[in-house]
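# got a predicted structure plus its sequence, pasted below:
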Amino acid sequence: MKIALINENSQASKNKIVENALKKSVAPHGYEVVNYGMFDDSDEPLTYVQNGILAAILLNSGAADYVVTGCGTGEGAMLACNAFPNVLCGHIEDPLDAYTFAQINDGNCIAIPFAKGFGWGGDLNLEYIFEKLFCEKSGQGYPRERAIPEQRNKKILDEVKAVTCRDLKDILPKLDKNLLQGVIGRKSFQELFFKDCPDEEYKKLISDLIEDR
């Protein structure tokens with residue numbers, strides 16, 4: 001599994017803390033963590049809305065299998081991510097949230113409140129969140145006797161989103177150019193995306209959109 005990490009401007013200073021906690025927690029599973037920034041406060045800025053755009057590009061193109069993101073409260077990043085097709089993002093504050101989201105909702109993205117309650121032991125809470133998020137195969141249900149109706153509801157939600165959301169390839173060209181270029185115009189994005197993306201159509205689309213400044 002390839003897990004993408006995305007931080008926005010208000011929480012850029014925590015990027016390395018989050019990356020270290022994530023890598024430590026998923027190392028036993030052999031998962032790869034790819035850090036898309038912001039790397040620090042001097043990096044090219046990303047808003048939480050742009051986090052959603054970036055998460056959608058990575059998940060829809062196959063450049064990443066899972067996205068870990070957030071903002072000060074986590075709410076904005078969650079809303080932005082869930083605005084796009086094929087992104088199911090949960091708001092995660094603690095390890096129990098992480099475990100139940102993975103097992104009941106079987107999503108592919110989480111938004112963490114990196115400012116809310118992030119004091120002494122904040123790095124440990126992140127480690128415990130990531131441990132419970134990835135401790136076993138997702139979508140198995142919790143409690144297990146509820147697995148069948150929970151899996152049925154997840155399938156229904158996926159079918160609803162397939163109707164209510166357009167294809168991302170149709171959405172991206174219609175977004176505000178400056179907003180989009182703030183995501184795909186970043187040098188770090190281009191270096192990682194074109195290396196990791198297996199979908200040639202998405203590679204061409206992103207290349208064309210980068211050139212269309």
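That came in fine, so what should we check first? Residues are numbered from 1 along each chain as shown.
# and residue 109, its phi and psi?
phi -160, psi 140 (degrees, to the nearest 10).
# touching, residue 53 and residue 179? I think so.
Yes - counting by CB atoms under 8 Å, residue 179 is a contact partner of residue 53 at 7.3 Å. (C-beta placed from N, C-alpha, C; glycine too.)
# neighbour count for these two, which is higher?
residue 53 (24 against 12; other CB atoms under 10 Å).
# how about that one, secondary structure?
helix (DSSP: H, G, I helix; E, B strand; the rest coil).
# list the contacts for it?
For residue 53, the contact set (CB atoms under 8 Å, 6 or more residues apart in numbering) comprises 80, 84, 172, 175, 179, 180, 183.
# how about a cut-off of 10 Å?
46-47, 80-81, 83-84, 168, 171-172, 175, 179-180, 182-184 (CB atoms under 10 Å, 6 or more residues apart in numbering).
# specify which member of the residues you listed is nearest to residue 122.
Here the nearest of the contacts of residue 53 to residue 122, counting by CB to CB, is residue 46; it sits at 21.0 Å.
# ok so that closest one is a strand residue?
No - under the criterion used here (three-state DSSP), residue 46 is coil, not part of a strand.
# can you show me the CA trace of stretch 28-41 as PDB?
The C-alpha coordinates for stretch 28-41 follow below in PDB (Å, rounded to 0.1, in the frame of the first residue of the first chain):
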ATOM      1  CA  PRO A  28       5.700  -3.500  10.200                       C
ATOM      2  CA  HIS A  29       3.200  -3.800   7.300                       C
ATOM      3  CA  GLY A  30       5.700  -2.900   4.700                       C
ATOM      4  CA  TYR A  31       3.600   0.100   3.500                       C
ATOM      5  CA  GLU A  32       5.200   3.000   1.800                       C
ATOM      6  CA  VAL A  33       4.700   6.600   2.900                       C
ATOM      7  CA  VAL A  34       5.000   9.400   0.300                       C
ATOM      8  CA  ASN A  35       5.100  12.900   1.700                       C
ATOM      9  CA  TYR A  36       3.500  15.500  -0.600                       C
ATOM     10  CA  GLY A  37       4.100  18.400   1.900                       C
ATOM     11  CA  MET A  38       3.700  21.100   2.900                       C
ATOM     12  CA  PHE A  39       7.100  20.200   4.300                       C
ATOM     13  CA  ASP A  40       7.400  23.400   6.500                       C
ATOM     14  CA  ASP A  41       6.200  27.000   6.600                       C
END
